[in-house]
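**Q** Can you look at this prediction? I've put the sequence above it.
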Amino acid sequence: MRSLTLYSAAILFLLTLICSCKKQNDSTDQQTVNVTIHSNESYKYDLGVFGDEEGAAITRQAMHYQISSAQRSLDFSKVFYEYKPSLNYTGTDVVELKSARGSDGASANNKIIVTTIKFTISN
């Protein structure tokens, strides 16, 4: 009787574990953008239109910048990333942005886009 109880408890535990590990329908896309700009030149990247529960954030900050920020447009529909290298800086820099889309207002975003922007800054 005791082994039957332990066996039942073990099966219940495994079923709970399997159900909690169920893969979600979330998808993550990755993209890389290569950009060449001149020293002291600004760059703006349009991440697109976002709903109220959707958005974007910097997940890996650039190292050599005066400006490096993700902001919504004045009408709050679009998100832009803006970059300007440190004064007189030449070389390379990288920033990583994570966008979340697909929310219907009641559920979490189910489409994640990771955008890596690689900058080459020259004179």
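**A** Structure's in. What do you need? Numbers count the residues shown, from 1 in each chain.
**Q** beta partners for the residue nearest the centre of the chain?
**A** For the chain, K98 is the residue whose C-alpha lies nearest the centre (C-alpha atoms, centre = their mean; 1.2 Å). Applying DSSP bridges to K98 gives these bridge partners: A57, V114.
**Q** Which residues are in contact with the closest residue to T92 other than its chain neighbours?
**A** Nearest residue to T92 in three dimensions, chain neighbours excluded: T120, at 5.7 Å (C-beta to C-beta, 6 or more residues apart in numbering). Bear in mind the C-beta positions are built from the backbone N, C-alpha and C, glycine included. Residues in contact with T120, defined by C-beta atoms under 8 Å, 6 or more residues apart in numbering, are 34-37, 92.
**Q** And those, which of them are buried?
**A** Using 16 or more other C-beta atoms under 10 Å as the burial test, the contacts of T120 include I37 as buried.
**Q** Dump the contacts of T120 to JSON lines, plus distance to N109 and secondary structure.
**A** Putting the contacts of T120 into JSON lines (distance: C-beta to C-beta, whole Å; DSSP: H, G, I helix; E, B strand; the rest coil) gives the following:
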{"residue": "N34", "distance to N109": "27", "secondary structure": "strand"}
{"residue": "V35", "distance to N109": "26", "secondary structure": "strand"}
{"residue": "T36", "distance to N109": "32", "secondary structure": "strand"}
{"residue": "I37", "distance to N109": "31", "secondary structure": "strand"}
{"residue": "T92", "distance to N109": "31", "secondary structure": "strand"}
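**Q** Reformat the contacts of T120 as a markdown table; add pLDDT and distance to R60.
**A** Converted to a markdown table, the contacts of T120 look like this (pLDDT from 0 to 100; distance: C-beta to C-beta, whole Å):
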| residue | pLDDT | distance to R60 |
| --- | --- | --- |
| N34 | 98 | 16 |
| V35 | 98 | 15 |
| T36 | 98 | 20 |
| I37 | 98 | 19 |
| T92 | 98 | 14 |
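**Q** which one of the contacts of T120 sits closest to Q66?
**A** I37 (12.6 Å; C-beta to C-beta).
**Q** Please name the nearest non-neighbouring residue to the closest one.
**A** Spatial nearest neighbour of I37, chain neighbours left out: Y43 (5.2 Å); criterion: C-beta to C-beta, 6+ apart.
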